[in-house]
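Student: Got a predicted structure here, sequence first:
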Amino acid sequence: MELDLSKYLGLFVSESKDHLEALSRTLVDLERAQAGEVPELVDKMFRHAHSMKGMASTMQFDGIALLAHRAEDVIGVLRGRSGPIDAEVVDLLLSAADSLLGMVEASAGGGAPGAPSQPLVDSLAQAFAALKRGERVPAPEAPTAVDAPPPPAPAAPPASAGALRLAVEVEVAGACPVPSVRGYLVLKRLEALGTVLAASPGHDDLKAGRIPDRRLTATIETTQTPQAVEQALAQIADLAKVVARPAGEEPSPPVAAAKAEAPAEAQRTVRVRAELLDEFLDVVGELLLATARLRAVGRAIPEAQRRPHDDGVDRLHSVVKDLHLKVMAARMTPLTVLSDRLPRAARDLARRGGKQVDVSVSGAEIEIDRSLLEDIADPVLHVLRNAVDHGLETPAERIALGKSATGHVEVSARRERDRVVMEIADDGRGMDPERLRQAAVERGALSREQAAALSDAEALELACLPGVSTARAVTDVSGRGVGMDAVKRAVEAAGGSLQIESRRGQGTRIAMRLPLTVAVQPVLLVRVADEILALPVSKVHGAAEVELEKLERSGGAPLLGFGGTHLPVHDLATLIGLSPGRATGKRSVVVTEGGEGRVGLAVDQLLGQEEAVLKPLHRPLSLVPGLSAVTVLGSGRPVFVLDVPRLVAA
């Protein structure tokens, strides 16, 4: 009977990604660590690599186990060293972590992860041999096939030439979700250490998922000492107790396992699929809409009988609102999920460009909606790459300018009421407002007169126009004039805003102001002809009642005086393809964010503000420029939420 491992695949993928991301983070930390910090970091790396090897062996993914074994060998040689670790070693281990992650992701769909890259395996073996001899790791361009290195520690020398008969007792931690798999791994490890004479439970029971009281006992004949056997088993994840003693002796105190039993609080934590939370949120959103519908229906009930109905609806709304808040809390994810990747990305890019960079992160414990975190992951990474690629100077340039050879990038996050402000700041060369003006004129985005009229702060915003770039050279990362416009669109589509500050020779700071969640947002309802539309309140700066025909005009468009400047006014009916609104008389004009600054939207009526449960659009509506989401009013009427920048640009 074969053990069905497919039901453990999701857990394997999730835990493996956690170990590999932690391994990559620790490798980046290792390069900038002080001498006294190196041993602890190397020990962490060894544990992550060892756990990967053990889990892959359990799942019978031999290719992943082999590559993790080779990486573990290299890390094992580094243990006990306190001096700096060569960048070539870090590069090689990062490549191994990336390859392992790719193989794990390949297995996520149920397919075989395949074999690892043979040159990479050979390079790791070659590095292991070189480090054992006390030599520098050779360049990977000329890898040499090396026989598999000897088994890793803790393979202690035998106590004597003859074999010992040992009694082994193992207890799986209570927090382990798959105790039978851990027991199966223990049994396989014992078979590698010697001959298993007896085991309870045996192979068949473990394959069937049976391991009474989470305990496994075995008798083995081995040339290893009891201490060596204990140490070998103690490195298997999720074991609470490991004891090995000569058969017939009284038990000795147990060895501490690699992962002790989790505290009671940790045992109450469960993994939930992100898709399930999304579905849960949709259902709660429907409940909110149904509650609003009940309230609207209740208005038709005679006043004398309405009180019990309204009381019931109020109670229902309170319960549903509380449920909604709890679902949203479950979706909240710390920014560390995103920020932990940034030092590695900056380090790799700096190495390619011959630069030195140090990335500091603060406020990563702040939580934000998971879907919003996914939306801003690429924009944040792009801003970081811009900072390293053509924000920071080379070491020689920095020293000539009186700066330290290593550039600094600071990633910070903080809460401001119902918003999260995420900032990425560097101490590089800064942005040149005059070059941005010239680039905008050359691209035809502005006339020379318009560019000259911009303040330096306004000129910095030109970096977010399509095609405008001041990079000195085109690379595979930046300089093509694309990117910052996409960053701004992504941030604004998530209900946020982007701000740029920069000083020549001192650096650049880019701030993203983001909502905590995008599932429920306040919107301003407006009427245009017979249509009701919604505008995100976060983008609305004000409103005015004006007579359009009396406004000054430029290029045929009315100009509204607002905030010390003049804004173009667009008829919203015309923008969405309806008959233009009335040309005479007072109209309501909403001042909101457009593609290249603020604009005015002329509407027929302002209907007020409302909390909206936003629903994403699907094809073909998602292809319509200017529509970002849809909500449903209490009357059951669907209302589109507008993406004004795209609507104006279309």
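Tutor: Done, it's in. Numbers count the residues shown, from 1 in each chain.
Student: what sits up against stretch 68-84?
Tutor: 35-36, 38-39, 42-43, 45-46, 49-50, 52-53, 56, 85, 89, 92-93, 96-97, 100, 121, 124-125, 127-128, 131-132, 149, 152-153 (C-beta atoms under 8 Å, 6 or more residues apart in numbering). All C-beta spots, glycine's among them, are computed from the backbone N, C-alpha and C.
Student: Let's see that with 6 Å instead.
Tutor: The contact list for stretch 68-84 (C-beta atoms under 6 Å, 6 or more residues apart in numbering) reads 35, 38-39, 42, 45-46, 49-50, 52-53, 56, 96, 121, 124-125, 127-128, 131-132, 149, 152.
Student: secondary structure class for residue 198?
Tutor: strand (DSSP: H, G, I helix; E, B strand; the rest coil).
Student: scratch that, residue 168
Tutor: Residue 168 ends up strand, using three-state DSSP.
Student: Provide a list of residues in contact with it.
Tutor: So residue 168 contacts 218, 244 (C-beta under 6 Å, 6+ apart).
Student: Compute the distance between it and residue 516, please.
Tutor: 51 Å (C-beta to C-beta, to the nearest Å).
Student: for residue 600, same thing?
Tutor: 29 Å.
Student: between these two, who's got more neighbours?
Tutor: Looking at residue 600 and residue 516 with other C-beta atoms under 10 Å, you find the greater number of neighbours at residue 600, namely 31 against 18.
Student: Isn't the more buried one up against residue 566?
Tutor: No - counting by C-beta atoms under 6 Å, residue 600 sits too far from residue 566 to count as a contact (9.8 Å).
Student: Next, work out how far apart the nearest residue to residue 62 once chain neighbours are set aside and residue 116 are.
Tutor: Take residue 62 and drop its neighbours on the chain: the residue closest to it by C-beta to C-beta, 6 or more residues apart in numbering is residue 56, 7.7 Å away. Per C-beta to C-beta, residue 56 is found 11 Å from residue 116.
Student: What of residue 163?
Tutor: 35 Å.
Student: Residue 185 too?
Tutor: Relative to residue 116, and taking C-beta to C-beta, residue 185 is found at 21 Å.
Student: Over to residue 204?
Tutor: Counting by C-beta to C-beta, the gap from residue 204 to residue 116 is 32 Å.
Student: Of these two, which one has the most company?
Tutor: residue 116 (22 against 10).
Student: So the more buried one, which state does it fall into?
Tutor: Put simply, residue 116 is coil when judged by three-state DSSP.
Student: Count the residues that sit near the nearest residue to it once chain neighbours are set aside.
Tutor: Take residue 116 and drop its neighbours on the chain: the residue closest to it by C-beta to C-beta, 6+ apart is residue 67, 4.0 Å away. By other C-beta under 10 Å, 27 other residues sit near residue 67.
Student: My understanding was that residue 67 contacts residue 115; is that so?
Tutor: No - Residue 67 is beyond contact range of residue 115, at 9.0 Å (criterion: C-beta under 6 Å).
Student: Please list all residues in contact with residue 557.
Tutor: Here residue 557 is in contact with residue 568 (C-beta under 6 Å, 6+ apart).
Student: and it, how far is that from residue 6?
Tutor: In this view, residue 557 and residue 6 are 63 Å apart by C-beta to C-beta.
Student: Kindly report the same for residue 560.
Tutor: 63 Å.
Student: Repeat that for residue 507.
Tutor: The spacing between residue 507 and residue 6, counted by C-beta to C-beta, is 51 Å.
Student: Tell me how this protein divides into domains.
Tutor: With domains defined by automatic domain parsing, the chain comprises 6-132, 164-262, 278-331, 335-431+470-515, 520-649.
Student: can you pull the buried residues of stretch 504-523?
Tutor: Within stretch 504-523, the residues scored as buried using 16 or more other C-beta atoms under 10 Å are 507-523.
Student: okay, it in CSV with CA atoms only?
Tutor: In CSV, the C-alpha atoms belonging to stretch 504-523 read as follows (Å, rounded to 0.1, in the frame of the first residue of the first chain):
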residue,chain,number,x,y,z
ARG,A,504,19.4,67.4,-6.6
GLY,A,505,22.3,65.5,-5.2
GLN,A,506,20.5,64.5,-2.0
GLY,A,507,18.0,61.9,-3.1
THR,A,508,14.3,61.1,-3.9
ARG,A,509,11.4,60.2,-1.8
ILE,A,510,8.2,58.6,-3.3
ALA,A,511,5.2,58.2,-1.1
MET,A,512,2.2,56.0,-1.7
ARG,A,513,-0.9,56.8,0.3
LEU,A,514,-3.1,53.7,0.3
PRO,A,515,-6.4,52.7,1.9
LEU,A,516,-6.4,49.9,4.4
THR,A,517,-8.9,48.0,2.2
VAL,A,518,-10.5,48.4,-1.2
ALA,A,519,-13.6,46.2,-0.6
VAL,A,520,-15.7,49.0,0.9
GLN,A,521,-15.1,52.6,-0.1
PRO,A,522,-17.0,55.9,0.3
VAL,A,523,-18.2,57.1,-3.1
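Student: Using JSON lines, lay out the domains of the chain together with distance to residue 445 and mean pLDDT.
Tutor: Below are the domains of the chain laid out as JSON lines (distance: least, C-beta to C-beta, whole Å; pLDDT from 0 to 100):
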{"stretch": "domain 6-132", "distance to residue 445": "39", "mean pLDDT": "85"}
{"stretch": "domain 164-262", "distance to residue 445": "56", "mean pLDDT": "78"}
{"stretch": "domain 278-331", "distance to residue 445": "39", "mean pLDDT": "84"}
{"stretch": "domain 335-431+470-515", "distance to residue 445": "11", "mean pLDDT": "84"}
{"stretch": "domain 520-649", "distance to residue 445": "8", "mean pLDDT": "80"}
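Student: With distance to residue 464 as extra columns, can I get those in CSV?
Tutor: Formatted as CSV, the domains of the chain follow (distance: least, C-beta to C-beta, whole Å):
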stretch, distance to residue 464
domain 6-132, 30
domain 164-262, 47
domain 278-331, 29
domain 335-431+470-515, 4
domain 520-649, 9
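Student: What residues of stretch 367-382 count as buried?
Tutor: 367-373, 375-376, 379-382.
Student: could the residues you listed go into CSV alongside distance to residue 534?
Tutor: Output for these, formatted as CSV (distance: C-beta to C-beta, whole Å):
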residue, distance to residue 534
367, 27
368, 23
369, 20
370, 24
371, 19
372, 19
373, 24
375, 19
376, 23
379, 24
380, 28
381, 31
382, 29
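Student: element containing the residue nearest to residue 116, please.
Tutor: Element membership of residue 67 [criterion: DSSP states H and E] is helix 62-78.
Student: Now the helix or strand that that helix is followed by: buried residues?
Tutor: Heading C-terminal from helix 62-78, the first helix or strand you meet, by DSSP H and E, is helix 87-107. Within helix 87-107, the residues scored as buried using 16+ other C-beta under 10 Å are 88-97, 99-101, 103-104, 107.
Student: Among those residues, which one lies nearest to residue 419?
Tutor: Nearest to residue 419 among those is residue 101, at 33.0 Å by C-beta to C-beta.
Student: strands paired with the host helix or strand of residue 411, and their directions?
Tutor: Secondary structure assignment for residue 411, by DSSP H and E: strand 407-416. Strand 407-416 pairs in its sheet with strand 357-362 (parallel), strand 419-426 (antiparallel), by DSSP bridges.
Student: Name the strands paired with the next helix-or-strand element following the shortest one and say parallel or antiparallel.
Tutor: What it means is strand 357-362. Using DSSP H and E, the helix or strand that follows strand 357-362 in sequence is strand 367-369. Using DSSP bridges, the strands paired with strand 367-369 are strand 332-334 (antiparallel).
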